[in-house]
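Trainee: Generate a structure from the sequence data that follows.
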Amino acid sequence: MTTEIVFVLCVLLSLIVLFVIDRIRIDLVAILGLLALMFGGILTPSEAVAGFGDTTVVLIASLMIVGDGLFQTGVAAWIGNKLGQIAGRSEPRILVILMTAVAVLSAFISSTGTVAIMLPVAVSLAQRAGISPSRLLLPLAYAALIGGMLTLIGTPPNLIAAEALTAAGRPPLGFFSFTPVGLTVLLTVTLTLVVLRHWLLPVRAITVTDDKRAPTLAELAAEYRLAKGLAQVRVAADSPLAGRTLAETRLRSRYGITVVGIRRWPESRSEPGLPRAVTAATRILAGDLLDVVGEREALELFCRQERAVIQSLSSQLPFGPDLHVIEVALTPRSRFEGQTIATAELRQLFGVTVLGVRRLGQPFSGNPVHEPLRFGDTLLVAGAPAQLEAIVRSQQTFSDLVIVAFPRDMAVSDQPFNRRAWLAIAIMGVMLITMATGWFPIVTIALTAAVAMVLGGCVSLKDVYQRLNWESLVLIAAMLPMATALTKTGGATLIAEQLVAALGNFSPLAILAGIFIVTSLLSQFISNTATAVLIMPIALGVSEQLGLAPEPLLITAAIAASTAFATPVASPVNTLVLAPGGYRFIDYMRAGILLQVLVLVICLVVVPILFPW
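Mentor: This is a model prediction of the structure:
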């Protein structure tokens with residue numbers, strides 16, 4: 001073993017330890033590893049930054065934009081609402097329909113976003129059926145993870161495996177190469193959870209037999225004492241607000257007015273559009289209808305000085321496909337404890353608007369902006385559906401915020417499709433068909449679809465830059481050169497040789513099992529993306545050592561990376577259902593370990609048939 005190999009393996013081990021400890025952001029950890037490889041003379045600067053121009057990174061970023069277009073136009077929410085209308089009250093039927101729909105949705109958009117959309121639907125289904133939400137939410141998370149196994153674009157590990165095969169000179173994987181394996185996993189896991197639900201799925205959360213437990217938007221407005229201050233205000237043509245961003249207007253600091261949402265209302269239209277979420281960079285136009293919260297005196301002063309007209313007073317918070325309202329709470333380890341709403345910068349971090357704060361069930365009197373936050377404080381926040389995904393995605397262990405309540409209005413609202421929604425569906429459909437035909441490189445198709453989403457108004461370019469999951473993109477780009485370092489120094493070959501030495505006397509299935517177990521174990525503690533980047537060069541090395549086709553090993557590794565079933569911190573989707581389901585750590589282990597064994601058996605049986613040695 002050379003000194004260079006020892007150095008690379010030490011860096012790799014350090015990264016894994018830092019990933020597991022989770023005290024430093026994972027993208028920063030990956031960059032630290034990149035710097036170590038450069039300073040250690042292992043990689044040249046051009047080799048070290050090559051990952052940032054890799055087609056895998058561009059492809060994943062493009063798919064994020066396409067998925068965001070489906071969120072922002074309300075397509076994903078509409079699918080969830082329709083599911084809630086047909087599921088019925090039978091628990092087995094609900095499980096089958098819910099898991100199938102979630103898996104299909106997750107095959108094309110992010111698993112975290114899918115769960116964010118479907119979680120209130122699942123809770124509503126549990127309420128109508130009179131069962132505990134904990135009987136549905138864990139299957140919801142598992143189905144979202146399995147959905148990533150259904151298509152080439154379902155999850156980053158699939159794309160990383162495909163890229164590794166292409167780089168090794170193998171034929172490219174097709175769009176549906178993973179589908180037979182994924183469908184087998186989905187069918188097996190669904191049937192297992194249905195048959196063994198009384199043993200695998202606990203009753204943790206309170207069973208609710210009607211919709212009275214989940215608050216409505218009006219009830220939340222009353223609880224936070226917002227009801228009397230809600231109003232709709234139209235911006236006059238000569239208003240000084242026209243053409244300025246919300247950050248530039250400083251309405252909260254000047255008037256104590258909070259803008260919840262905005263409805264575009266140009267003169268050419270007879271009525272305003274649906275409410276949309278706002279950010280600091282949202283620009284106000286003449287004719288816009290603003291949903292605002294503020295004291296009556298402040299509201300009247302605001303209208304006089306800014307030349308705006310009160311259209312109506314309401315006790316109902318706005319809601320639409322582009323605007324959701326949820327309630328979150330600070331955890332004991334929240335970094336926001338002791339900070340104020342102003343210093344916490346939640347709008348800058350997550351793109352959400354804080355409407356109110358409650359402590360011990362009582363709302364703050366006056367303006368809560370400068371009141372230091374404490375553990376247990378609940379915040380009522382408004383934002384686009386993708387903002388909810390960003391909150392969850394950033395809190396892998398719920399170190400800062402937990403979701404307390406989704407208004408039940410959101411679970412049953414059935415907004416009609418507008419032009420942007422139909423356009424988003426068309427773009428998505430054309431993208432999938434073109435990918436399936438293989439007429440063009442997949443990255444070209446995805447990038448074209450992303451640009452079409454922006455040009456078609458399904459998602460704004462400004463929002464794209466704000467909502468892209470930069471953490472994942474930087475993580476992939478910074479970790480890809482680790483594979484280069486392992487290959488360049490012979491580290492991947494050494495690891496492969498050791499694995500072959502340990503299992504080489506057994507059949508190739510034993511090697512396949514070894515790859516699956518190592519990958520699945522790592523995925524319980526570090527992200528599936530980082531796991532895939534680490535494992536793929538090792539799997540390629542093993543195939544070269546044994547003279548086997550690499551496809552079975554790499555596809556098995558990609559599937560195993562998505563089996564993050566056994567811990568609540570294994571994936572953001574597991575964490576998202578933790579608090580609403582009232583789950584304990586043991587609940588994940590009881591169901592997750594059994595399901596991982598089942599997926600292992602499926603890979604050992606199905607993968608070699610579809611991808612011969």
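Trainee: Strands of the stretch 401-550 of the chain, start to end?
Mentor: Ranges of strands within the stretch 401-550 of the chain are 401-405, based on DSSP state E, counting those that start in this stretch.
Trainee: Do a quick rundown of the helices in it.
Mentor: Ranges of helices in the stretch 401-550 of the chain, per DSSP state H, counting those that start in this stretch, are 408-412, 419-437, 442-455, 461-467, 470-489, 491-503, 508-523, 528-546, 550-561.
Trainee: Give me the distance from the fifth one to the chain's centre.
Mentor: Relative to the chain's own centre, helix 470-489 is displaced by 21 Å; criterion: CA atoms, centre = their mean, to the nearest Å.
Trainee: what helices or strands is that helix leaning on?
Mentor: The helices and strands touching helix 470-489, judged by 3 or more CB pairs under 8 Å, 6 or more residues apart in numbering; DSSP states H and E, are helix 3-21, helix 26-39, helix 45-48, helix 55-72, helix 156-167, helix 491-503, helix 528-546. Where C-beta positions appear, they are placed from N, C-alpha and C, glycine not excepted.
Trainee: Please name whichever of the helices of the stretch 401-550 of the chain is nearest to residue 133.
Mentor: The closest of these to residue 133 is helix 408-412. By CB to CB, the value is 11.7 Å.
Trainee: I'd like the helices and strands packed on helix 470-489 as JSON lines, with mean pLDDT appended.
Mentor: Listed next are those as JSON lines, based on pLDDT from 0 to 100:
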{"stretch": "helix 3-21", "mean pLDDT": "81"}
{"stretch": "helix 26-39", "mean pLDDT": "86"}
{"stretch": "helix 45-48", "mean pLDDT": "88"}
{"stretch": "helix 55-72", "mean pLDDT": "76"}
{"stretch": "helix 156-167", "mean pLDDT": "86"}
{"stretch": "helix 491-503", "mean pLDDT": "69"}
{"stretch": "helix 528-546", "mean pLDDT": "80"}
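Trainee: could you dump those to JSON lines with distance to residue 460?
Mentor: Shown next, in JSON lines, are the helices and strands packed on helix 470-489 (distance: least, CB to CB, whole Å):
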{"stretch": "helix 3-21", "distance to residue 460": "34"}
{"stretch": "helix 26-39", "distance to residue 460": "24"}
{"stretch": "helix 45-48", "distance to residue 460": "33"}
{"stretch": "helix 55-72", "distance to residue 460": "9"}
{"stretch": "helix 156-167", "distance to residue 460": "25"}
{"stretch": "helix 491-503", "distance to residue 460": "42"}
{"stretch": "helix 528-546", "distance to residue 460": "27"}
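Trainee: To residue 234, which of those helices lies closest?
Mentor: Using CB to CB, the helices and strands packed on helix 470-489 put helix 55-72 closest to residue 234, at 23.5 Å.
Trainee: what about dumping the CA coordinates of the closest one to CSV?
Mentor: Taking Å, rounded to 0.1, in the frame of the first residue of the first chain, the C-alpha atoms of helix 55-72 are listed here in CSV:
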residue,chain,number,x,y,z
THR,A,55,-22.8,16.2,-16.9
THR,A,56,-24.2,14.5,-13.8
VAL,A,57,-24.4,17.8,-11.9
VAL,A,58,-26.0,19.6,-14.9
LEU,A,59,-28.5,16.8,-15.3
ILE,A,60,-29.5,16.8,-11.7
ALA,A,61,-29.8,20.6,-11.5
SER,A,62,-32.0,20.5,-14.7
LEU,A,63,-34.3,17.8,-13.2
MET,A,64,-34.6,19.9,-10.0
ILE,A,65,-35.9,22.8,-12.1
VAL,A,66,-38.4,20.6,-13.9
GLY,A,67,-39.7,19.1,-10.6
ASP,A,68,-40.0,22.6,-9.2
GLY,A,69,-42.1,23.6,-12.1
LEU,A,70,-44.6,20.9,-11.2
PHE,A,71,-44.6,22.1,-7.6
GLN,A,72,-45.1,25.8,-8.4
